[in-house]
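Novice: Next one to model:
(one chain, ligands or ions: 1)
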Amino acid sequence: MSSPLLATVSIENADLVAMVDALVTRHGATRGALLPILQDLLAERGEISTLAMQLVADRLGASPAEVQGVVTFYSFLGEAARGRHVIRLCRTLSCMMAGTRDVAAAFEAELGIPFGATTPDGVFTLEWTNCIGMCCAPPALLADAEAFSSVSPAQVGEVIGALRASGVQE
Ligand code: FES
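Specialist: Below you'll find the predicted structure:
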């Protein structure tokens, strides 16, 4: 059952409440559904706000601290708003030794922003990530959901072009 506080909040944030309720219906009101609910919430809204975390906690009978802990642990779920396309470059040892810094510099030069930032038009976000399981072909990155391996600085334009052509409206 919802808390009185969240019932009041609901009136002013009806769209968020409706989305959380739809995701809970889709995935189930269990602790095991927490991660898929948060992933879908991020995909739909581009961020997971403090209020969203409180709502999810309320619906699943979890504590807000527990939900925030999951969001914090999984860097992909981080609370910050992101651009429509997110480039996550691996900074773990195998990739760093294979030239990740040069690839990062090429992305920063191409987009005009440092890692951890979003372009002013809200289209691209550059993020670091830890190992994504492609250590056999470093440097590796995720461009939205697509993985790229053995990336060189010369391929940065290709990665950005692939994202621009991916069908997400800019
Ligand atoms: S170290 Fe980069 S993918 Fe594993």
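
Novice: for the longest helix along the chain, packing partners?
Specialist: As assigned by DSSP state H, the longest helix anywhere in the chain is helix 14-27. Here helix 14-27 touches helix 34-45, helix 50-60, going by 3 or more Cβ pairs under 8 Å, 6 or more residues apart in numbering; DSSP states H and E. For every residue, glycine as well, the C-beta is placed using N, CA and C.

Novice: try 10 Å this time
Specialist: On a contact count with 3 or more Cβ pairs under 10 Å, 6 or more residues apart in numbering; DSSP states H and E, helix 14-27 meets helix 4-12, helix 34-45, helix 50-60.

Novice: In contact with the nearest residue to residue 94 once chain neighbours are set aside, which residues?
Specialist: Counting by Cβ to Cβ, 6 or more residues apart in numbering, residue 94 lies nearest to residue 135, which is 4.1 Å off, once chain neighbours are set aside. Contacts for residue 135 (Cβ atoms under 10 Å, 6 or more residues apart in numbering) come out as 90, 92-95, 98, 149.

Novice: are any of these buried, and which?
Specialist: Among these, those classed as buried by 16 or more other Cβ atoms under 10 Å are 90, 92, 94-95, 98.

Novice: Quick check, pLDDT for residue 10.
Specialist: Turning to residue 10, the model gives it a pLDDT of 55.
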